[in-house]
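> Next input, structure requested:
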Amino acid sequence: MAVEISVRGAGPVGCVLALLLDAAGKNVRLVERKAPAGKAPFRPIALSHASRLILERASAWHMLEPTPIGIIQISQQGAFGRVSLDAADAGVPALGYVVEYEALLSVLLDHAREKRIAVEAESGPASLSVHAEGTAEELKEKIYGQEAIVALVTTRPAAGGTAWERFTPQGPLALLPLRGRYCAVWGMRPERARELCSAPEAEFLQALAGAFGTRAGEFLAVGERTHAPLAARVRPSRVGERAVYIGNAAQTLHPVAGQGLNLGLRDAWDLAQVLRDAQDPGDANVLARFAAARRLDAMATVRLTDFLAQAFLGANPLTGLMRGFGLTALDICPPARRFFARRMIYGTSALP
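Down below sits the predicted model:
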């Protein structure tokens, strides 16, 4: 049987799309590039409640062991103002869930193979090619001049169900709970990131405590540290001739607010809905419907993430004062908190 849809990129977004299309009765093939040798670096992923629903539709959620986030505390270093969001604000059992990227990918690939979805090293002819792999040269790039340190940190007391987002003058610092410890994702100047990655453990922990404070407890130990440059990349068009681009092939985002993979999974969901009843999945009109369906959510999420990545940088007292007023206003207004929480979870479907 000829392959209807070839999904290039067997990462989480590509795997979820393949599983959704297979459940809809489509003939689909996953194209997986050979992974580089060596152990993959530790990479935490914060999945929104909407992503949980998508993974449930793909019959994969029950195979994961995520750590739920019940509360998110947002604050800024050296200035007043904070916001506390909880699951009740959004009417969901948890605001998000933290998993390791490699564990998520392993579950999805295994499930795809259980469903007898072809996973091949080379791409053959298909009615539609879906690009879900990495970034491409066609993407417009914005460099933030920062790198992010990623590390797993042990604290006393142990991490519970609270995630922390703290904006510092050098960049955002997130602490995500994962099985009793915190995944730290810390943006800063590249030279400082490299220094701290190679610094003695005590020096790193002291710097982390200086930037974050004591609200999450005492920082006791840190595991392997990695760092990577931060940039935003957006493809001008999501569709081409019998081709469509989703996930990182369509956009990569600054990690602030953890929107990247969640946006990619919404790409996969909307594409699966458009293709499920399409007689010719590569038809230009079909692809145009998908592009239209994704335009608002993608554009709004890219712009919001870019705004958050830049609006909280710098140590100007007046700017810090204005940010503090904004955070305080959000914290004391339940409807605004609910809207913001649901916007982060569901994308523009949270809009009235």
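> Look up phi and psi at residue 189.
Taking degrees, to the nearest 10, you get phi -60, psi 140 for the backbone angles of residue 189.
> now residue 216
According to degrees, to the nearest 10, residue 216 has phi -90, psi 0.
> burial count for it?
Here the number of neighbours of residue 216 (other CB atoms under 10 Å) works out to 23. Where you see a C-beta, it was placed from the backbone N, CA and C, and this is true even at glycine.
> any idea how far it is from residue 175?
Distance, residue 216 to residue 175, by CB to CB, to the nearest Å: 6 Å.
> Please enumerate the shared neighbours of these two.
159, 164, 182 (CB atoms under 8 Å, 6 or more residues apart in numbering).
> how close does residue 275 sit to residue 281?
Residue 275 is 5 Å from residue 281, by CB to CB.
> Now list whatever residues contact both of these two.
Residues touching both residue 275 and residue 281 by CB under 8 Å, 6+ apart: 5, 26, 128.
> tell me the pLDDT at the first one?
In this prediction, residue 5 carries a pLDDT score of 96.
> now the strands for the stretch 201-350 of the chain?
For the stretch 201-350 of the chain, the strands defined by DSSP state E, counting those that start in this stretch cover 218-222, 226-234, 239-240, 243-245, 251-252.
> Next: the stretch 1-150 of the chain.
Along the stretch 1-150 of the chain, counting by DSSP E, counting those that start in this stretch, strands occupy 5-8, 28-31, 44-48, 67-69, 71-76, 82-86, 96-100, 118-120, 128-131, 140-156.
> Just checking the distance from the third one to the centre of its chain.
Looking back up the chat, that one is strand 44-48. Distance, stretch centre to chain centre, for strand 44-48: 6 Å (CA atoms, centre = their mean, to the nearest Å).
> how about residue 134, what does it touch?
Residue 134 neighbours (CB under 8 Å, 6+ apart): 9, 248, 249.
> ok, and the most crowded of these?
Most neighbours among these, by other CB under 10 Å: residue 249, with 28 neighbours.
> excluding its backbone neighbours, what's nearest that residue?
Nearest residue to residue 249, sequence neighbours excluded (CB to CB, 6 or more residues apart in numbering): residue 131, at 4.1 Å.
> Could you do residue 63 as well?
Nearest residue to residue 63 in three dimensions, chain neighbours excluded: residue 107, at 4.6 Å (CB to CB, 6+ apart).
> And the pLDDT at the residue nearest to residue 249?
95.
> How about residue 1?
Per-residue confidence at residue 1 stands at 51 (pLDDT).
> pretty sure residue 227 is touching residue 198, no?
No: applying CB atoms under 8 Å as the test, residue 227 and residue 198 come out as separate, 9.6 Å apart.
> quick revisit: isn't the residue nearest to residue 249 right next to residue 242, touching?
No: under the criterion of CB under 8 Å, residue 131 makes no contact with residue 242, lying 11.4 Å away.
> Those two: which has the busier surroundings?
Set residue 131 next to residue 242 and count neighbours by other CB under 10 Å: residue 131 wins out with 23 against 15.
> Can you tell me how far that one is from residue 39?
Distance of residue 131 to residue 39, computed by CB to CB: 27 Å.
> circling back: out of the strands of the stretch 1-150 of the chain, which gets nearest to residue 259?
strand 44-48 (8.4 Å; CB to CB).
> Show me the contact partners of that closest one.
By CB under 8 Å, 6+ apart, the surrounding residues in contact with strand 44-48 are 12, 55, 66, 69, 95-101, 104, 150, 152, 163, 176, 178, 183, 185, 258, 261-262, 265, 344-346.
> let's go with 7 Å and repeat that
66, 96-101, 104, 176, 178, 183, 258, 261-262, 344-345 (CB atoms under 7 Å, 6 or more residues apart in numbering).
> Report the separation between residue 65 and residue 300.
Using CB to CB, residue 65 is found at 32 Å from residue 300.
> Compare those two (neighbour count), which wins?
Counting neighbours by other CB under 10 Å for residue 65 and for residue 300 shows that residue 300 has the greater number, 15 against 10.
> Excluding residues flanking it in the chain, which one is nearest that one?
Once flanking residues are discounted, residue 300 sits nearest to residue 348: 5.4 Å by CB to CB, 6+ apart.
> Show the contacting residues for the one you found.
Counting by CB under 7 Å, 6+ apart, residue 348 has contacts 296, 297, 300.
> and what of residue 190?
Counted by CB under 7 Å, 6+ apart, residue 190 has contacts 146, 147, 229.
> Same question for residue 77.
Applying CB under 7 Å, 6+ apart, the residues near residue 77 are 166, 167, 168, 169, 211.
> Of all those, the one with the weakest confidence?
Least confident entry in these, by pLDDT: residue 169, with 85.
> residues near that one, how many?
As a burial measure, residue 169 scores 17 neighbours (other CB under 10 Å).
> now it: how far from residue 323?
As judged by CB to CB, residue 169 and residue 323 stand 11 Å apart.
> which stretches of this structure have low pLDDT?
Applying pLDDT under 70 to the chain flags residues 1-2, 34-38, 135-138, 312-320, 350-352.
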